[in-house]
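# Coordinates for the following, if possible.
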Amino acid sequence: MGLFDKGVQKTKEGFFQRLSRAVVGKSKVDDDILDAIEEALVASDMGVDTTLKIVDSLQERVGKDKYMSMDELVGLLRDEIGKLLDVDGESSPSEPFDLDRKPMVVMVVGVNGVGKTTTIGKLASRYKSMGKKVVVGAADTFRAAAVDQLVIWAERAGVDIVKQGMGADPASVAFDTVKSAVAKDADVVLIDTAGRLHNRIDLMNELTKIRNVMRKVIPDAPHEVLLVLDASTGQNAFQQAKEFSRATDITSLAVTKLDGTAKGGVVIGIVDQLKVPVKFIGIGEGVDDLKVFDKKEFVNSLFSKEDIEK
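The predicted structure is shown next:
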């Protein structure tokens, strides 16, 4: 089983079940099959706009070629989805972030409950295992549980954490974190932020303030703004992504809980609509289940040869 097979299994099963029902006994692509593809893509929570973009492209090719086998159709689907995911024009690197920066500062955003703090803990563990000195900042000061959870992850990973009392100014925590990181000659800084969207203006102001105070220490910080999304929430994840992209400049995505949902198509829809690349995906609860996102492997897992032949 490939790296992403576990993560996309439920999405793949749902998609191919719908597709197989439409193609039974057919040797070429027709309107019924294109309708079935559209239905299957929407059901995987790819989103209407992205789905129509894919189906229109397939329809154009079918119109030109007149005849297309199912193998060719699936190959085209694979190509179209691969293009949509390739928003940064980069091959899938073993390390998505620029570790030549020292310290490399990542501000992590996302609503409560998506696995944001857990993702920070897994990233801290990942970079610590690579021999990097890591400092995390508990700037989600509105929930005592968020700080407590981050402390546990920091202890588990064996990395330093900077925190203040509940209700403290998040920007103050971020400032202290980057200042401590510079003093300790750290390699990576991971800043947790409050996960609420009840008022986008408040969110924007807070994230802007955090950016500004960090830049008093490191002029170009943060180097990455990582938005964490829960794939199992489907279109809610897409709405969250749109809200956060309005509040701050999102540079990368981490998608969690991909293994537990048939809505994995939301990854493709969000990347297509926001033009922001996925850098990490979560495919399990273990500390090692946060994986670097490989676009090519992800698409190949969705459309494996075995599924085509079934």
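# For the stretch 1-150 of the chain, which segments are assigned as strands?
Here the stretch 1-150 of the chain has its strands, by DSSP state E, counting those that start in this stretch, at 104-109, 134-138.
# tell me the most buried of these?
For the strands of the stretch 1-150 of the chain, the largest average neighbour count (mean count of other CB atoms under 10 Å) is found in strand 134-138, namely a mean of 28. Placement of C-beta: from N, CA and C, glycine included.
# ok so, going back, mind putting the strands of the stretch 1-150 of the chain into CSV with mean pLDDT and distance to K122?
Compiled in CSV, these are given as follows (pLDDT from 0 to 100; distance: least, CB to CB, whole Å):
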stretch, mean pLDDT, distance to K122
strand 104-109, 97, 11
strand 134-138, 97, 11
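# Quick one: closest of the ones you listed to V189.
strand 104-109 (4.4 Å; CB to CB).
# Distance to V48 added to the strands of the stretch 1-150 of the chain, as CSV?
As requested, the strands of the stretch 1-150 of the chain are exported to CSV (distance: least, CB to CB, whole Å):
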stretch, distance to V48
strand 104-109, 26
strand 134-138, 38
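# Which of these sits closest to L258?
Using CB to CB, the strands of the stretch 1-150 of the chain put strand 104-109 closest to L258, at 17.8 Å.
# distance between the closest one and the chain's centre?
14 Å (CA atoms, centre = their mean, to the nearest Å).
# What strands line up against that strand, and which way round?
strand 188-192 (parallel), strand 224-230 (parallel) (DSSP bridges).
# Out of these, which one sits most buried?
strand 188-192 (a mean of 29).
# How about residues contacting that one?
Residues outside strand 188-192 that contact it (CB atoms under 8 Å, 6 or more residues apart in numbering) are 99, 103-108, 116-117, 120, 123-124, 127, 132-140, 146, 150, 174, 177-178, 181, 210, 214, 221-222.
# What ranges does the stretch 51-200 of the chain have for its helices?
70-85, 116-129, 144-157, 170-183, 200-214 (DSSP state H, counting those that start in this stretch).
# and the angle for the second one with strand 134-138?
Read that as helix 116-129. For helix 116-129 against strand 134-138, the angle by axes from the mean of the first three to the mean of the last three CA atoms, to 10 degrees is 160 degrees.
# Over to the fourth one?
Put simply, helix 170-183 runs at 170 degrees to strand 134-138, going by the same axes, to 10 degrees.
# got the buried residues for helix 170-183?
Judged by neighbour count (16 or more other CB atoms under 10 Å), helix 170-183 contains these buried residues: 170-171, 173-181.
# Which member of those is positioned nearest D249?
A174 (16.1 Å).
# separation between that closest one and L99?
To L99, A174 is 20 Å away according to CB to CB, to the nearest Å.
# nearest to G89, of the strands paired with strand 104-109?
The nearest among these, by CB to CB, is strand 224-230 at 17.4 Å.
# List of residues touching whichever helix or strand comes after the closest one?
Note on strand 224-230: by DSSP states H and E, the next helix or strand toward the C-terminus is helix 235-247. With CB under 8 Å, 6+ apart as the test, helix 235-247 has contacts from 45, 47, 109-111, 114, 197, 200, 203-204, 207, 227, 229-231, 233, 250, 253, 255, 266, 269-270, 273-274, 276.
# now helix 235-247 and strand 104-109, what's the angle there?
120 degrees.
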